[in-house]
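>>> sequence and predicted structure below; questions after.
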2 protein chains.
Amino acid sequence: MAPKKTVGILGGGQLGRMLTHPAALLGIPLLILDKGGYTPAKQTLLAPPGTTHPDGAFTSEEHIRELAKTCDVLTVEIEHVNADVLAAVVNEGLCDVQPSPATIRLIQDKYIQKEHLAAAGIPVAPFKALTNPSTDDVRDLAATLGLPMMLKARTLAYDGRGNAPLKSTDDKAISDALAFLGDRPLYAEGWAPFVKEVAVMVVRNTAGEVRSYDAVETVHRDSILRVCSAPLRADGAAMRGVNVRARQLAERAVATLDGAGVFGVEMFLLPDGSLLLNEIAPRPHNSGHHTIEACNTSQYENHLRAILALPLGDTSLRVPAAAMVNVLGVDGNMGPVEQMADDALAVPGATVHLYGKAESRKARKMGHITVTGSSDAEVQSRVRTLLSQQPDLDQKFIDSVAPPSVAGHSHTAPLVGIIMGSDSDLPTMLPATKILDKFGVPYELTITSAHRTPDRMVTYARSAASRGLRAIIAGAGGAAHLPGMVASETSVPVIGVPVKASVLDGVDSLYSIIQMPRGIPVATVGINNSTNAALLAVRILGTSVPSWQRETEGYQHALEQEVLGKADVLENMGWDQYVKDVLKK
Amino acid sequence: MAPKKTVGILGGGQLGRMLTHPAALLGIPLLILDKGGYTPAKQTLLAPPGTTHPDGAFTSEEHIRELAKTCDVLTVEIEHVNADVLAAVVNEGLCDVQPSPATIRLIQDKYIQKEHLAAAGIPVAPFKALTNPSTDDVRDLAATLGLPMMLKARTLAYDGRGNAPLKSTDDKAISDALAFLGDRPLYAEGWAPFVKEVAVMVVRNTAGEVRSYDAVETVHRDSILRVCSAPLRADGAAMRGVNVRARQLAERAVATLDGAGVFGVEMFLLPDGSLLLNEIAPRPHNSGHHTIEACNTSQYENHLRAILALPLGDTSLRVPAAAMVNVLGVDGNMGPVEQMADDALAVPGATVHLYGKAESRKARKMGHITVTGSSDAEVQSRVRTLLSQQPDLDQKFIDSVAPPSVAGHSHTAPLVGIIMGSDSDLPTMLPATKILDKFGVPYELTITSAHRTPDRMVTYARSAASRGLRAIIAGAGGAAHLPGMVASETSVPVIGVPVKASVLDGVDSLYSIIQMPRGIPVATVGINNSTNAALLAVRILGTSVPSWQRETEGYQHALEQEVLGKADVLENMGWDQYVKDVLKK
């Protein structure tokens, strides 16, 4: 056994705090450099015996050098550090620094970062430098980049503090934007007409091993992250494979940077399904908080593994769906923050993370809440509850992030969809609803026809996965195209129920549904047997939710008891009497 | 907002340490009473500003009284505390104590605990008190209770330190056992011929709300817990519903005790499926460690919620399967412990928990490793890897806990089973293997016939769920009973492939498979279409493992591209030429 290496962290805020937990689990000694003895990170891990966490600014050269002498590797929880001192620490052989000081320096200046990425062939939005900008300079740039255009500070910009969108080239609009950004080096960026913002956490260890997490969708408000949903899903043909493509792009971008650790890669998803890289953070990131509960190994543990030359942990999601909602300060009082945390205790699947900050400020990140669930729709309805508990959010924003569920008789977060081509199929399909009711499975029921409402059918099928459906029961009679057509437009298992029409005894429906071409399966059940379709859906749910597997076992046990009971009655009553009394024939 | 209540914990070991994490997340101030400043629990949460964790024995009256004055509620991480002092603390109104001192006192004496449970109608193994036992007294008891018989210390007994199994009534055997147990009050217990040991964590808050976690299987060695697997599964008709029954029994037992908090309830599962209660711990328990990663709310967070009158969190598993493996000290060196932790880093889905204990001792609990996975079989194979990294375990024990996978061509931890009634069906079923290979789905393939090997078929079907199968593809021709019979014996989705036999064009097989009675569904695909059966299995897996859902989308996209490509060729080549050159007709 090699002796445990000591890690020094520059910065003792919430990201440092979340690094302390895996450090404790793995027995990794940590020393945290920040001002004060009770910062968020220092609260949750004592310094090793005989040492104390250094008390000083994480930018202080003296303190960094002192810390470097007692550590094996330094890392950062914030990129706004003194990269020159870190480079000197490495050059003088005081200790290792990860990620490399050169990468930290490059990322600190967003303009240089963009130049670097563009030069490496990574797609980015068009951008231009702005040196000592005049109103005319800005107006010229807007003529090139178009409106709206983003004016951005090159350095020390985060959580909206360095971004000014410019929607007009009025003198006033321009001078307001320049005044907001202050006396800092600036650059301008063309507007990316994104349909979603996307992030991918990438981790690389000192041996060069690279892994990425599932892509997530991020929702910002006033440039501050509010909600992050995993995994990313986007409907429509152009969006096919977007999760994989986002990971590939993020890994390619990180491959252009030196050093080990976690990198948070933010991207824009455009309407045609293509991706533009926005920016990279050389550290664990707010859009990876959910990995603590939702993934096999969190971004925090993987950051420590990466910089310590340990094998990387599995980045897979261990839950079907997850989301993260930030808890921001409302004003100078802790009351609203504590109230949001308290309210979240009643939300199933929610885990509250308070950061232990002594003071609240408007828009300060005070904590976050992770929710996991058995489907996107379940997670979304929980996110909606959490957002409704946030005092600064209006209903319009909440509706846009986590829309209210469809009204009507259907469940608001269905796991199973029951569809049929015609209302005449309804009596045949009703037994399926009885079974799902009996098992407590949330479902929706509607009419959509392959022949009469083809667009509606396609929309329904394409959105099924992202709405959280895990099985679709489709009933159809005669030519019976509905189940097969729906299966062609979704990756969700489709269960076909052949409905007996007026002729051919349902054999026409059966053959139409079951004889699918190789490539697109339909799970077909017996003619008119929607009961079995629903039981099959419950079995499918049971493959991921153990309680439904047990419920199925219980149901089968009850069937057995029922038949055994009838056999007893038959034995005692005699068969002649049984036919008269029980079968009433 | 009510001000945050301060919790005092008697004991600063690993259970206290695991309480500190949710305390930090929820901002609950904790004060930990134990000797020393760097105990496992004190390492991971600073005392609130202006206070320090008290330094003293957790049994010290003076320290408990001092702590009580500064806390709102006291709780315990070990039941071997001074219940009288705790009762006085409550009576004098110093602070609340949860669970109640009366419950802690009752549980401290295992004989009184058993008497209490038996009096409440909870099934327990037969037991008798042993006051100042002579060899003859022991022999008399053995005549009543039978052999083997357990001699147990009534108090201060845990991790095997108070149990002596008696297999013979030789003078020497008896005197050895009595000598091992020492000069303590004893009792004797009849041997419970268990097939599995079972545990359920139950939580009750101060408002009386009760929730239990899924039952788990526990495996002990020398009376020390080594492995815990969740959820409990047991094959066979007698075992149906055992998970639910175990939870009900545990909840009933806890209902007989006063006070709030988490209770660890240990039980024996007998061959006839019935359960005997073994003992109860009035605190978080080793058999609930996995709840940190595997459940929506951990036993630790729920313990804090329970004693603080907060709403209880959701106890559901958020993963399909999980297990916990203890990391025990091998000797006085930390090396082997650190080696086990290091080795586990390479196991996917494993989370290492080291407890930060300064010294190792043989059989001391130094840490644990939680594994989660997408099936029982996957978790079991990971457990096998972890156990093989433990220096004190022999292969026989490892094989008994996590058996080696079946040899042969099948995957060792299959998620899909492919079965057929006859080797003549194999050519028809092979395309299914190609699809599963293409998607990287682990599967097994074998021959089992409903008519010629009915026992083998029943065994296969009954063990399918507990072996982690999430879909069974069954091919059969002619009378084609296999898919339906297998579906009758399992809760796993069964996909039926009608194999075209020598007559009737496969319609006989199709009807035999699809026209199942209401109650037992078979997902039937087209005649001979095992390709679609495998694709359906992948879709079913995609409902719980998002990556397979994305793979299905990618597959459908590739199909689309393929057909579009052919359409291009047709357009350019002309149809006459196409028939000749491409179709070769």
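Looks like it came in fine.
>>> and the stretch 151-300 of chain A, which residues reach chain B?
Within the stretch 151-300 of chain A, the positions lying close to chain B (CB under 8 Å from any CB of the partner chain) are A:214, A:231, A:240-241, A:243-244, A:293, A:296-297. For every residue, glycine as well, the C-beta is placed using N, CA and C.
>>> okay if I get the residues you listed as JSON lines plus neighbour count, secondary structure and distance to residue B:537?
Shown next, in JSON lines, are these (neighbours: other CB atoms under 10 Å in any protein chain shown; DSSP: H, G, I helix; E, B strand; the rest coil; distance: CB to CB, whole Å):
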{"residue": "A:214", "neighbour count": "24", "secondary structure": "coil", "distance to residue B:537": "22"}
{"residue": "A:231", "neighbour count": "22", "secondary structure": "coil", "distance to residue B:537": "21"}
{"residue": "A:240", "neighbour count": "19", "secondary structure": "coil", "distance to residue B:537": "21"}
{"residue": "A:241", "neighbour count": "16", "secondary structure": "coil", "distance to residue B:537": "21"}
{"residue": "A:243", "neighbour count": "24", "secondary structure": "helix", "distance to residue B:537": "22"}
{"residue": "A:244", "neighbour count": "17", "secondary structure": "helix", "distance to residue B:537": "21"}
{"residue": "A:293", "neighbour count": "22", "secondary structure": "helix", "distance to residue B:537": "29"}
{"residue": "A:296", "neighbour count": "23", "secondary structure": "coil", "distance to residue B:537": "23"}
{"residue": "A:297", "neighbour count": "25", "secondary structure": "coil", "distance to residue B:537": "28"}
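>>> residues of the stretch 1-150 of chain A that sit close to chain B?
Counting by CB under 8 Å from any CB, the residues of the stretch 1-150 of chain A close to chain B are A:1, A:4, A:17, A:20-21, A:24-27, A:38, A:42-46, A:49.
>>> which of those scores worst on pLDDT?
Comparing pLDDT over the residues of the stretch 1-150 of chain A next to chain B, residue A:1 scores lowest. The value there is 45.
>>> ok and the residue in the stretch 51-200 of chain A nearest chain B?
residue A:53 (10.3 Å; CB to the nearest CB).
>>> what helices or strands is the lengthiest helix in chain A leaning on?
The helix spanning the most residues in chain A, taking DSSP state H as the definition, is helix A:546-573. Taking 3 or more CB pairs under 8 Å, 6 or more residues apart in numbering or on different chains; DSSP states H and E as contact, the helices and strands that helix A:546-573 lies on are helix A:426-439, helix A:530-542, helix A:575-581, helix B:242-255.
>>> helix B:242-255 and that helix, what's the angle between them?
In this structure, helix A:546-573 runs at an angle of 100 degrees to helix B:242-255, with axes from the mean of the first three to the mean of the last three CA atoms, to 10 degrees as the basis.
>>> just want the angle from helix A:546-573 to helix A:530-542.
For the pair helix A:546-573 and helix A:530-542, the angle between their directions (the same axes, to 10 degrees) equals 140 degrees.
>>> would you mark the buried spots in helix A:546-573?
A:546-553, A:555-556 (16 or more other CB atoms under 10 Å in any protein chain shown).
>>> cool, and stretch A:210-223?
Using 16+ other CB under 10 Å as the burial criterion, the residues of stretch A:210-223 that qualify are A:210-219, A:221, A:223.
>>> do the same with stretch A:491-509
Taking 16+ other CB under 10 Å as the criterion, stretch A:491-509 shows A:491-501, A:506, A:508-509 as buried.
>>> what about it, distance to the chain center?
Stretch A:491-509 sits 37 Å away from the centroid of its parent chain (CA atoms, centre = their mean, to the nearest Å).
>>> kindly report the same for stretch A:301-310.
Between the centre of stretch A:301-310 and the centre of its chain there are 23 Å (CA atoms, centre = their mean).
>>> go on, stretch A:421-440?
In this view, stretch A:421-440 has its centroid 33 Å away from the chain centroid, taken as CA atoms, centre = their mean.
>>> what about the closest residue to residue A:246 other than its chain neighbours, distance to residue A:114?
In this structure, residue A:246 finds its nearest non-sequential neighbour in residue A:215, 3.9 Å apart by CB to CB, 6 or more residues apart in numbering or on different chains. Separation of residue A:215 from residue A:114 (CB to CB, to the nearest Å) stands at 21 Å.
>>> thank you kindly, that will do.
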